[in-house]
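> quick one, fold the following:
(one chain, ligands or ions: 1)
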Amino acid sequence: MPLSVVDLYAKILPRTNCKDCGFRTCIAFAGMVVSEKYPLKNCPHIKPDLLKNAQKELDEQYKQGKWLKKDMAQEALAYAKNPAVKM
Ligand code: SF4
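Model prediction:
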């Protein structure tokens, strides 16, 4: 099952906002993991089995491009280069 930012925050992260990952809050860290592929293992407080399963889910959704931050310039260029698009 894909992990949204809220799923990651609510189901996987400890929600202590300890800042050991370098982010001020767990929800900020979750956002970076889901949309920017920031390493989940950078939170040192996730149980190993939970980390392994969550990373597997994340890898699958990364492969599908789900919830990843889009490069708007790249998308606009691809759109403009599409011969079916008349400008
Ligand atoms: S290290 Fe983990 S528990 Fe601490 S703020 Fe970051 S995500 Fe939250």
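
> now do the end-to-end distance for stretch 39-50.
Stretch 39-50 has an end-to-end distance of 14 Å (CA to CA, to the nearest Å).

> go on, stretch 21-29?
Criterion CA to CA; first-to-last residue distance in stretch 21-29 is 7 Å.

> residues contacting the spatially most central residue of the chain?
Central residue of the chain (CA atoms, centre = their mean): V34, 0.9 Å from the mean position. By CB atoms under 8 Å, 6 or more residues apart in numbering, V34 lies in contact with L3, S4, V5, L8, L58, Q61, W67. Using the backbone N, CA and C atoms, a C-beta is placed for each residue, glycine as well.

> in helices only, show me the residues you listed.
Counted as lying in helices by DSSP state H, out of those, are V5, L58, Q61.

> could you find the closest non-adjacent residue to N42?
With sequence-adjacent residues excluded and distances taken as CB to CB, 6 or more residues apart in numbering, N42 is closest to C21, at 4.8 Å.
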